[in-house]
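> here is a sequence with its predicted model. Questions after.
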Amino acid sequence: MNLLPTATSADVQELQPRVAVLPVGSFEQHGKYLPLITDTAIACIIAQEIADAYPVHLLPPLTISCSHEHAAFPGTVSISARTLYAVIDDIRASLARSGIHKLVIINGHGGNYVLSNVVQEANVDGPAVSLFPLGPDWDRARDHGGLVSDRHADMHAGEIETSILLHAAPDLVRDGYADADHDSGPRPFLLVQGMTPYTDSGVIGYPSQATAEKGKAVLVSLSESFAAHLGALGESAERRKTLDGSSTGQSGSRYISRPARGGCQAAGAFSSIPECIRVTSGRPPDRES
């Protein structure tokens, strides 16, 4: 699985994108069966799905963010909210200098509360930045995927995150999720006390209900929901076209063209394709963490 965009400068010049998408993940515990990079991987998977479907400029991810509620678990690393804010502000300024004035932040970690303030402030003088996915986007995706859990109960390392990875990056999922379900109940002091009063394992949710089929359906729904965010920014939501003229962005294949040394083919999610240049270079849940 490749989490980094592989477009060249010439690809971007040809595409002439008006909107950039920035995956923001985290480096934090996700139980014993999902890796510390789970939120980053999921943000990148969603961003790639979007870039396959729409003519946007796909950026590499921010891999460490505000995971302070997970500080008691080994391996978790955080930066301050002010640092995350400053980095995104710098990225926006750099994009603007290159002629791209719209940005969508693909947030993979619900604890990045500061991102809402980033978006609020950026839009004072007109629509410029959107945050995706929002709660309603996740609700539609859950319904579309037939998930049995809701956003509150399935907060962390649960059904939706495990399903997305089972579909798009199954090599990241270890054994153990089938019997790791945990219902934390209400979490009134999560911001004060962190995760440990509510879970010993680090899991809050129902990973036993996860399937690759659900993950695929969730991604299809999110790709469709993204169109409304482009509209809110005053941009066209027209989807990319494949070589046969059909729309792109259906999870499960990547349509590529322009052969360099051989034929072109449909590739699995995040496959590395050295022979071809992608034409379609396109968290999870609205959760506390």
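Done, it's in.

> okay, how far is it across stretch 23-37, tip to tip?
Length of stretch 23-37, first residue to last, CA to CA, to the nearest Å: 12 Å.

> and for stretch 10-22?
End-to-end distance for stretch 10-22: 20 Å, by CA to CA.

> who touches that stretch?
For stretch 10-22, the surrounding residues in contact (CB atoms under 8 Å, 6 or more residues apart in numbering) are 7, 47, 50-51, 54-59, 61-62, 88, 91, 95, 100-106, 230, 233, 235, 277-278, 281. Heads up, the C-betas are built off the backbone N, CA and C, glycines and all.

> PyMOL command for the buried members of those?
PyMOL command restricting the contacts of stretch 10-22 to the buried ones, with burial defined by 16 or more other CB atoms under 10 Å:
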select buried, resi 7+47+50+51+54+55+56+57+58+59+61+62+88+91+95+100+102+103+104+105+106+230+233+235+277+278+281
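
> helices - which of the contacts of stretch 10-22 land there?
Applying DSSP state H to these, the entries found in helices are 47, 50-51, 88, 91, 95, 230.

> torsion angles phi and psi at V21?
Torsion angles at V21 (phi, psi; degrees, to the nearest 10) stand at phi -120, psi 130.

> oops, could you answer that again for V12 instead?
Backbone torsions of V12, given as degrees, to the nearest 10, read phi -70, psi -40.

> distance of it relative to A93?
Applying CB to CB, to the nearest Å, the value for V12 to A93 is 18 Å.

> more neighbours, the two?
Between V12 and A93, V12 has the larger neighbour count (other CB atoms under 10 Å), namely 17 against 9.

> and that one, how far from F226?
Per CB to CB, V12 is found 19 Å from F226.

> where does pLDDT dip in the protein?
Low-confidence segments of the chain (pLDDT under 70): 241-289.

> and G194, how many residues sit next to it?
16.

> next, the contact list for it, please.
68-72.

> drop anything exposed from those.
Counted by 16+ other CB under 10 Å, those give 68-70 as buried.

> what's the burial count for the residue nearest to N117 when sequence neighbours are not counted?
Leaving aside its sequence neighbours, N117 sits nearest to Y85 (CB to CB, 6 or more residues apart in numbering; 7.4 Å). As a burial measure, Y85 scores 16 neighbours (other CB under 10 Å).

> quick one: L15 from P55, how far?
6 Å.

> correct me, but G108 touches F27?
No - counting by CB atoms under 8 Å, G108 sits too far from F27 to count as a contact (11.1 Å).

> more crowded one of these two?
Between G108 and F27, counting by other CB under 10 Å, G108 is the more crowded of the two (30 against 21).

> what sits against the more buried one?
So G108 contacts 23-26, 38-44, 46, 283-284 (CB under 8 Å, 6+ apart).
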